[in-house]
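Visitor: From the sequence below, what's the structure:
(2 chains)
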Amino acid sequence: MSDPKHLPAPDPPRAAPAGDAMTRRDFLNQLTLGSLGIAGLGSVAVTYQFFSPNVLFEPSPTFRAGNPDLYPVHSVTFLQEQLVYIVRMPEGFYAVSAVCTHLGCITQWKPDADMIACPCHGSKFKVDGTKIEGPAPRPLPHFAISLTADGELLVDKLQEIRPAQVLKV
Amino acid sequence: MATSLHSALQNLRDTKVWKSIFRRGPANTNRTRSLAVFGNLFLHWLPVKVREKSLRVRASYYLGSISFILFIVLFVTGILLMFYYHPAAPQAYRDMKDLQFVVSNGVFLRNLHRLAAHLMVFAVFWHMFHVFYRGGYKPPHEFNWVIGVVLLLVTLFLSYTGYLLPWDQLAFWAVTVGTNIISAMPVVGNKIRFLLLGGNIVGENALLRFYVLHIVILPLVASLLIGIHFWRVQKDGGLTVKPKEDDGKE
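Guide: Here you go, the predicted structure:
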C-alpha cells in the first residue's frame, strides 16, 4: 500500500481558463454571496415588519366629543384623553390640537391670558392655534370636526383642515 | 507565617489542577511574564509592556480606565436592579419606588447605578476631549478614534434609554421630547420614531423597547466595541505621547 509506485498520478495542474471565463470557485463564491445577500435583504424586511406593531392600544384618532349643547358659546374645553381643544365661538365649532408643534409637550389653555401656552419651552398660541411666539415652528393644527347622524360632535385627528373651516351647528 | 503561606502557594502551583488551568510555570522572567499575558483570555488584549511615560497621570488622567470601571459598576448594579424591576406600566414606577423605600439597600444600588451613569457620560466626554487635544486621533490611531466616537454615542443612547425606565413624569416627557427630535429627521424621522416607540405615543411598547435596548442590545454592542477599542490601543502602539514629554525614559 505504501509503495510509492502504486500511488495514483497527481492531477496535472489545472490550466487557467482563457480570458474572462469564470472558474468553478468564482461561480460558487458568487452564487453563495448572491443567495446570502437575498436572504439578508429578506430578513431585514421581515424584521422591519416584525418591529412595526399591527395593533396599537392607543386612544382612537377618531372620536365622539358628545352633544354640542355640552359646550357653551365662547368656551374652550380640553379633552385630556384625546389631547384636543374643542372651541365653540359664535361662528361655530372647531377642534385644535393640544400637542405643541415644537417637541410634542401638552399645551394648556390659559383663560386669564386668553392664550394656549406650552410648559416645556414657552411657546404661545392664540385660541385658534395661531402662533404668538416660538420656539414652535408651526401653528397648532385644526382637526376635521363634523356631526354624526345622531347629532354628536365627531373629531377626526387623522384629517387636518384649514383653520377657516368651522362647524356651524 | 509568610514562609508557610509561600510554601502553601507553591504546593498549590504544583497541583495537577492548577497546572491544567494555567499550563505554565511562575512568571519570573520577561519571557514567562509575556506568556502569562498572551495565554490569558482576560489579559491577552492588553499590552505585555507599556512605556513608563504613558502610565503617568497626565498622559491620560486614566479617563478611559475610569469610563471602563464605571461601565463595570453599571453592569453589576444594573443586573441587580433587574431582579426587582418589571418593564410594564404602571408597575415600573412602583418597582422604582419600592427600590427606593422598601428593598434593603435598594436606594443605594439605584443611586449607584444612576450616579455612575451620570459620571460615565462625563468621563467618556472628558476622555474624548483629552484624546482629541493630545492628537490621539492621528495615524495610526484613526480607526480607534472612530470606534471611540461610536462608543460615545452608545454611552449616550444607553443613558437615554435608561432615562425612560423609572416611568415618572421626567422620564415620560424627556422621551416624548427626544423622540420628537428624532421625527424632525427628513423622510425617515416619523418611521424611526414609530419603530422606536412601537406606536405613536410613549406607552407600554415604548417602555419595553427601551428596556430591551437598555439591558441587552446596547450593552452587547458596547462590550464588543470596548474589546476592540482596548485591543487596538495595544495594536496601534500604545497611548499617544507628546514628543516634548519624550525625555528618553522608556
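
Visitor: burial count for B:Thr29?
Guide: 10 (other CB atoms under 10 Å in any protein chain shown). Yep, even glycine has a C-beta here, placed from its N, CA and C like the rest.

Visitor: mind checking how far it is from chain A?
Guide: Going from B:Thr29 to chain A by CB to the nearest CB, to the nearest Å gives 46 Å.

Visitor: check contacts around the residue nearest to B:Val103 when sequence neighbours are not counted.
Guide: Leaving aside its sequence neighbours, B:Val103 sits nearest to B:Tyr84 (CB to CB, 6 or more residues apart in numbering or on different chains; 5.7 Å). B:Tyr84 makes contacts with B:95, B:98-99, B:103, B:106, as judged by CB atoms under 8 Å, 6 or more residues apart in numbering or on different chains.

Visitor: Nearest to chain A, out of those residues: which one, please.
Guide: Closest approach to chain A among these (CB to the nearest CB): B:Asp95, at 21.0 Å.

Visitor: contact partners of the helix or strand where that closest one lies?
Guide: Using DSSP states H and E, B:Asp95 sits in helix B:91-101. Under the contact criterion CB under 8 Å, 6+ apart, helix B:91-101 has outside partners B:81, B:84-86, B:106-107, B:109-110, B:165-168, B:207.

Visitor: Just those: which are in helices?
Guide: Under the assignment DSSP state H, these contribute B:81, B:106-107, B:109-110, B:207 to helices.

Visitor: Type out the ChimeraX command that picks the buried ones from the residues you listed.
Guide: ChimeraX command restricting the ones in helices among the contacts of helix B:91-101 to the buried ones, with burial defined by 16 or more other CB atoms under 10 Å in any protein chain shown:
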select /B:81,106,109,110,207
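
Visitor: Same list (the ones in helices among the contacts of helix B:91-101) but as TSV, adding distance to A:Pro135 and pLDDT.
Guide: Output for the ones in helices among the contacts of helix B:91-101, formatted as TSV (distance: CB to CB, whole Å; pLDDT from 0 to 100):
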residue	distance to A:Pro135	pLDDT
B:Leu81	36	96
B:Gly106	39	95
B:Val107	37	96
B:Leu109	39	96
B:Arg110	34	96
B:Leu207	28	96
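
Visitor: So which of the ones in helices among the contacts of helix B:91-101 is the closest to chain A?
Guide: After measuring the ones in helices among the contacts of helix B:91-101 against chain A - CB to the nearest CB - the closest member comes out as B:Leu207, at 12.6 Å.

Visitor: wait, isn't that closest one in contact with B:Ala88?
Guide: Yes: applying CB atoms under 8 Å as the test, B:Leu207 and B:Ala88 come out as touching, 7.0 Å apart.

Visitor: Report the two members of the ones in helices among the contacts of helix B:91-101 separated by the largest distance.
Guide: B:Val107 and B:Leu207 (21.9 Å; CB to CB).

Visitor: Report how many residues lie close to A:Ser75.
Guide: Neighbourhood size, A:Ser75 [other CB under 10 Å]: 13.

Visitor: any idea of the pLDDT on it?
Guide: Looking at A:Ser75, its pLDDT stands at 88.

Visitor: how about the helices in the chain?
Guide: By default, I'm working from chain A. Secondary structure of chain A (DSSP H): helices located at A:24-51.

Visitor: nope, chain B
Guide: With DSSP H, the ranges of helices along chain B come out as B:2-13, B:16-22, B:30-38, B:57-60, B:63-82, B:91-101, B:106-133, B:142-164, B:169-182, B:189-197, B:204-212, B:218-235.

Visitor: Residue numbers of chain B in contact with chain A?
Guide: B:173, B:176-177, B:179-181, B:194-195, B:198-201, B:203-205 (CB under 8 Å from any CB of the partner chain).

Visitor: and the residues you listed, which are buried?
Guide: Among the residues of chain B next to chain A, those that count as buried by neighbour count (16+ other CB under 10 Å) are B:173, B:176-177, B:179-180, B:194-195, B:198-199, B:201, B:203-205.

Visitor: Next, count neighbours for the residue nearest to B:Gly106 when sequence neighbours are not counted.
Guide: On the basis of CB to CB, 6+ apart, the spatially nearest residue to B:Gly106 that is not a chain neighbour turns out to be B:Leu99, at 3.7 Å. Using other CB under 10 Å, B:Leu99 has 23 neighbouring residues.

Visitor: Repeat that for A:Ala136.
Guide: Look at A:Ala136: counted by other CB under 10 Å, it has 21 neighbours.

Visitor: Isn't it up against A:Gly129?
Guide: No: between A:Ala136 and A:Gly129 there is no contact under CB under 8 Å: 10.2 Å.

Visitor: ok, back up a step: deepest-packed of the helices of chain B, please.
Guide: When you average the neighbours per residue for each of these (mean count of other CB atoms under 10 Å in any protein chain shown), helix B:204-212 leads with a mean of 19.

Visitor: what's that helix in contact with?
Guide: Outside helix B:204-212, the residues that reach it (CB under 8 Å, 6+ apart) are A:53, A:56-57, B:87-89, B:92, B:161, B:164-165, B:167, B:175, B:179, B:196-199.
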